[in-house]
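Student: Can you look at this prediction? I've put the sequence above it.
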Protein chains: 2
Amino acid sequence: MDSFGFRQEDSRKAQNPRNPTTRHFAPLLVAIVGLPGRGKSLLSRRLARYLNYTHDTTKVFDISEYRRKLYGKYASHDMFRADNLPAWNIRQQSFKLALEDSAIWLQEKGHRVAILDGPNVSRAQRQMIYDLVHDQLNYRVMFVECVCEDPIILEKNFKDILEYSVDYKDMATEEALKDLKLKMTHYQTQYESPSLGSHWELPCPIVKLLDGGYGGVVAHGVTGVTEAKILAYISIPRPTQQVLYFSRHGESEFNVVGRIGGDAALSPRGSKYAVALAKHIHALNLPSLQVWTSTLQRTKATSEFIQAPQQHLHELDEIYSGDCESLTYEELQEHYPKELALRDCEKLKYRYPQGESYIDVMARLVPVLTQLESETNVLTVSHQAVLRCVLGYYLETPFEEIPYFHVPLHTIIKLTLHGFSYSLETIKMPIECVNTNRPKPSDCSVGRSAEDVLVTIPTHFDSVTNLTSCN
Amino acid sequence: MDSFGFRQEDSRKAQNPRNPTTRHFAPLLVAIVGLPGRGKSLLSRRLARYLNYTHDTTKVFDISEYRRKLYGKYASHDMFRADNLPAWNIRQQSFKLALEDSAIWLQEKGHRVAILDGPNVSRAQRQMIYDLVHDQLNYRVMFVECVCEDPIILEKNFKDILEYSVDYKDMATEEALKDLKLKMTHYQTQYESPSLGSHWELPCPIVKLLDGGYGGVVAHGVTGVTEAKILAYISIPRPTQQVLYFSRHGESEFNVVGRIGGDAALSPRGSKYAVALAKHIHALNLPSLQVWTSTLQRTKATSEFIQAPQQHLHELDEIYSGDCESLTYEELQEHYPKELALRDCEKLKYRYPQGESYIDVMARLVPVLTQLESETNVLTVSHQAVLRCVLGYYLETPFEEIPYFHVPLHTIIKLTLHGFSYSLETIKMPIECVNTNRPKPSDCSVGRSAEDVLVTIPTHFDSVTNLTSCN
């Protein structure tokens, strides 16, 4: 296997998965390696978002932030020259502080993965990481090298750095680009790229990601499930420019009368929304538009006029409320007062009898979210609880807030990737609909009165003479 | 990136993940590629076991089985010569039949992954696979090439083929080894190894697995979550010789009085078992022995005398019975008769109020099972329901039977990998204990009598004057 640059025997011995001292389920430090503009920070943030959502509590430690704290405002590329010793000392100190902080953070209960985001270009630095985390703490270490030679991807990455990096926010574009290129040249002279196989300097896993995944991935020494999970996540290439659209189904017959769950048809106003949604989406003229919906008739009917390939996915079906399907909140309070109180108390973890919780929905959404993250120009038509979980993923909403995320009917939600995070825009269509958002009541005790429960229920057709419009 | 044998731009265009015609969640055919003795079949079976357990219904289609059906008893390597045209026709026909069957199988509802296990050494064969599955069916295709150059692994693989292959079961060892080597030589002349990157012949994912994973893994064009899941699974190297030991904790104070769940201490007889278990395990003199237990005191106490590194994992904790924790079956019948009936009706999916189901336990075990599969000489000390799920994984027990798997107390269970599957041995320690196995009652209706429910409850201290020994 010389063409891949490694021989196997030696490294197999070095990385013996049967070594009993290996702490299989110990916390993990992921150290990123790569030149400037190779997509390291975007990868770190995306990976952290994914790991946090899938219950591996993760934090990114960005070495450049430490450097800015120590050094103050960025002056020029000069500080990255190999022969600039005072600046080198500061950079080295930033590296050490970030490493130490990540090690301290990993030692706290429940913390699973620390991502050390920085160039980590020298063998000496990587050895320090390994010595501290593997040998001293007896934790796990993994390196991910971002290699990028595709000129189109590089250009886009450089553009992003100029637009979003704190270092360049006060510098004119042309000057900044020149500076960034010199910074990169300095780093290139200091770059000791990790080899693979028996030439790889450390007995721990290393993954080489080529052109952000578009060029493939090479992994060596992966023996732990968290490392394998990370490999799976990063092996799928994800665009650096991304726009995703979301909408709930149009108002349904059940929405009108305040019933939850079920598989009702659209109301007349919901059908109008379907027409308006298609018109709005078509006007955007999105290249390679796709539509993903749930398998329930109200989402399929909502997207039926859109000219685009459609996929109907069970994962996007509304939270299943089990024994409580098709009931109104009033009926829930009448027949299941204890269940409703328990749900109000802890809506995130509460599971309907024979049904699902928000946590369950979040778990079943993971394959769809991972896939959706590799797309652009997808319109996802789904349901209130599901879209709360979906948006919670992209916007990194604290878990406890996810069940209260406001996702109104007849509203298009647009997420755009800006730098490392997503911005949200909402486009309200001018078609009346009921409000289905029920805020948390102030009294969530099992013994509360029915009045206390019903006060937060949004008005619907059964309880008022006129339909209210959603807010 | 010439050192990895591929350039990125071309293949990125070819494998555009934003192509709207891609059916992201369509069924997947995994075609294995490789010379004889490269671990293809073991990989296929292991992968199928893992995918089936994680709800991606999978079946292996072994081309050599089709060849045996068409050709009858294996005669000699001669049939694999490139210039043996009649034999080539039979081999080609076997390939086509297996491919067709896998395509037919994939079209059935709920079927997710077909693994085409065979050499698939020619470009023409791979093109046929792609044309049928990708172009005609509009499904997904992925190739996994098994490359092995490590002489130690190769020797072990060859030994396994001689021992387990139907082709060689009636041939003397020396003759068989000579024949196998000649068979391999014939295949080598016909082998068109897939290149990576832009040289890779097809616009679909390809993964190269080196030395069974010990040499690393190279992936290209992975864009789907199922492919990424497969990549993660196969990237962890797994031994070809493997022995795993399992035991429930010693009899607990709760077992004695027939209570479920909880975190009770060992009974005096349970403590005796802990001593006997350590003595038995030490006598085996297992190299690099490890002990994995749950975090509950009864498993920790059971393993405390064993001289080996120990890990205590929440994933191995007993099924959580929520509101029903610490109750006896008699109390369950008294306070939760409907729940008990529902559980008896569908024990696999039934979830205790605020607790877990077997399906939940299976899901939380996946990381531990995946990790354990890469080990040997591990003793796992856990609980009845959890070990049912663990053994169900290795033995590929139909899901519905898992909750009724007989895992008695004071018994060591040994799993040994033989060829592609595990054999089970039980070693009963001569220390009395209660029986905790409750068979499915004949009447599972909600309206059944208490008598009908209690008839299958194993005797325990509260209901009889003498403790019974387990069967």
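Tutor: Now that the structure is in, tell me what you want to look at.
Student: Just the element for the residue most central in space within chain A, please.
Tutor: The residue lying closest to the centre of chain A (C-alpha atoms, centre = their mean) is A:Arg49, at 3.7 Å. Using DSSP states H and E, A:Arg49 sits within helix A:40-53.
Student: Who does A:Val141 form a beta bridge with?
Tutor: A:Leu29 (DSSP bridges).
Student: tell me which helix or strand of chain A sits lowest on mean pLDDT?
Tutor: Ranked by mean pLDDT, DSSP states H and E, the helix or strand of chain A with the weakest confidence is helix A:8-14, at a mean of 34.
Student: Quick check: residues of the stretch 301-450 of chain A near chain B?
Tutor: A:308-309, A:311, A:313, A:351, A:353-354, A:367, A:370-371, A:374-377 (C-beta under 8 Å from any C-beta of the partner chain). C-betas here are computed from N, CA, C, even on glycine.
Student: try 10 Å
Tutor: Contact residues (C-beta under 10 Å from any C-beta of the partner chain) of the stretch 301-450 of chain A with chain B: A:308-309, A:311-315, A:322, A:342, A:349-351, A:353-355, A:360, A:363, A:366-372, A:374-378.
Student: and the residues you listed, which of them are in strands?
Tutor: A:Gln311, A:His312, A:Val378 (DSSP state E).
Student: now the last one, nearest residue through space, not along the chain?
Tutor: When you say that, I think you mean A:Val378. Excluding the flanking residues, the one nearest A:Val378 by C-beta to C-beta, 6 or more residues apart in numbering or on different chains is A:Gln290, at 4.8 Å.
Student: Hmm, A:Gln307 and the one you found touching each other?
Tutor: No: look at A:Gln290 against A:Gln307 with C-beta atoms under 10 Å: they stay out of range, at 11.4 Å.
Student: Tell me which of those two has more neighbours.
Tutor: Between A:Gln290 and A:Gln307, counted using other C-beta atoms under 10 Å in any protein chain shown, the more crowded position is A:Gln290 (23 against 10).
Student: Would you check how far apart the more buried one and A:Gln371 are?
Tutor: 11 Å (C-beta to C-beta, to the nearest Å).
Student: With A:His249 instead?
Tutor: Distance from A:His249 to A:Gln371, by C-beta to C-beta: 21 Å.
Student: what comes up buried for stretch A:200-211?
Tutor: The neighbour-count check on stretch A:200-211 (16 or more other C-beta atoms under 10 Å in any protein chain shown) flags A:Trp200, A:Leu202, A:Cys204, A:Pro205, A:Ile206, A:Val207, A:Lys208, A:Leu209, A:Leu210, A:Asp211 as buried.
Student: Pull up the distance across that stretch, start to finish.
Tutor: Its first and final residues considered, stretch A:200-211 spans 21 Å by C-alpha to C-alpha, to the nearest Å.
Student: Can you give the distance from it to the centre of its chain?
Tutor: 24 Å (C-alpha atoms, centre = their mean, to the nearest Å).
Student: Show the average pLDDT along it.
Tutor: Stretch A:200-211 carries an average pLDDT of 94.
Student: ok, now stretch A:432-450?
Tutor: Here the average pLDDT along stretch A:432-450 is 90.
Student: Equivalent analysis for stretch A:68-85, please.
Tutor: 91.
Student: follow-up on the earlier one: so the helix holding A:Arg49, near chain B or not?
Tutor: No: judged by C-beta under 10 Å from any C-beta, helix A:40-53 and chain B are separated, with a smallest distance of 11.5 Å.
Student: any idea which helix or strand comes after that helix?
Tutor: strand A:58-62.
Student: sorry, back to before: highest neighbour count among the ones in strands among the residues of the stretch 301-450 of chain A next to chain B?
Tutor: A:Val378 (24 neighbours).
Student: Just list the residues touching it, thanks.
Tutor: A:242-246, A:286, A:288-292, A:308, A:311, A:371-372, B:18, B:20, B:24 (C-beta atoms under 10 Å, 6 or more residues apart in numbering or on different chains).
Student: which among these end up buried?
Tutor: A:242-246, A:286, A:289-292, A:308, A:311, A:371-372, B:20, B:24.
Student: Filter those residues down to the ones in helices?
Tutor: Judged by DSSP state H, helices contain the following of the buried ones among the contacts of A:Val378: A:Gln371, A:Leu372.
Student: Flag the least confident of the buried ones among the contacts of A:Val378.
Tutor: B:Pro20 (37).
Student: hmm, back to that, now the buried residues of stretch A:200-211 in JSON lines, with distance to B:Leu35 and secondary structure?
Tutor: Listed next are the buried residues of stretch A:200-211 as JSON lines, based on distance: C-beta to C-beta, whole Å; DSSP: H, G, I helix; E, B strand; the rest coil:
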{"residue": "A:Trp200", "distance to B:Leu35": "27", "secondary structure": "coil"}
{"residue": "A:Leu202", "distance to B:Leu35": "32", "secondary structure": "coil"}
{"residue": "A:Cys204", "distance to B:Leu35": "31", "secondary structure": "coil"}
{"residue": "A:Pro205", "distance to B:Leu35": "27", "secondary structure": "coil"}
{"residue": "A:Ile206", "distance to B:Leu35": "27", "secondary structure": "strand"}
{"residue": "A:Val207", "distance to B:Leu35": "27", "secondary structure": "strand"}
{"residue": "A:Lys208", "distance to B:Leu35": "26", "secondary structure": "strand"}
{"residue": "A:Leu209", "distance to B:Leu35": "29", "secondary structure": "strand"}
{"residue": "A:Leu210", "distance to B:Leu35": "27", "secondary structure": "strand"}
{"residue": "A:Asp211", "distance to B:Leu35": "31", "secondary structure": "helix"}
